[in-house]
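A.B. asks: Turn this into a model:
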Amino acid sequence: MKTRVFDLATEYGYTSLRSLARAMGRDVAELSRIRSGKHGITRSFIEGALRAFPDKTLDELFYVDDPASVA
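C.D. replies: Next up, the predicted model:
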């Protein structure tokens, strides 16, 4: 699973990872690890993303890069 959260952040006024983390109720270090690919997307990250981007749907925030890998 991949996310568009980091691409949408500036459009929503989140000018730093810290401001995005605050809006999501998550830790900056967690977001940094997810953005760099060192950590997978968790349920709490998804919940935070939906909180920070209330007008976006789950499908607008997340996608599957390789559908064959999700079996």
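A.B. asks: which stretches of the protein have low pLDDT?
C.D. replies: When residues are selected by pLDDT under 70, those of the chain lie in 67, 69-71.
A.B. asks: Let me see the ranges of the helices in it.
C.D. replies: Remark: helices assigned in the chain by DSSP state H are 5-8, 17-24, 28-36, 43-52, 58-61.
A.B. asks: So which other helices or strands are in contact with the third one?
C.D. replies: So the one you mean is helix 28-36. Secondary-structure packing of helix 28-36 (3 or more CB pairs under 8 Å, 6 or more residues apart in numbering; DSSP states H and E): helix 17-24, helix 43-52. (Glycine included, C-beta is placed from N, CA and C.)
A.B. asks: same deal with the longest one?
C.D. replies: Other elements packing on helix 43-52 under the criterion 3+ CB pairs under 8 Å, 6+ apart are helix 17-24, helix 28-36, helix 58-61.
A.B. asks: how much does the second one deviate in direction from helix 43-52?
C.D. replies: The one in question is helix 28-36. Between helix 28-36 and helix 43-52, the angle formed by their directions is 100 degrees, by axes from the mean of the first three to the mean of the last three CA atoms, to 10 degrees.
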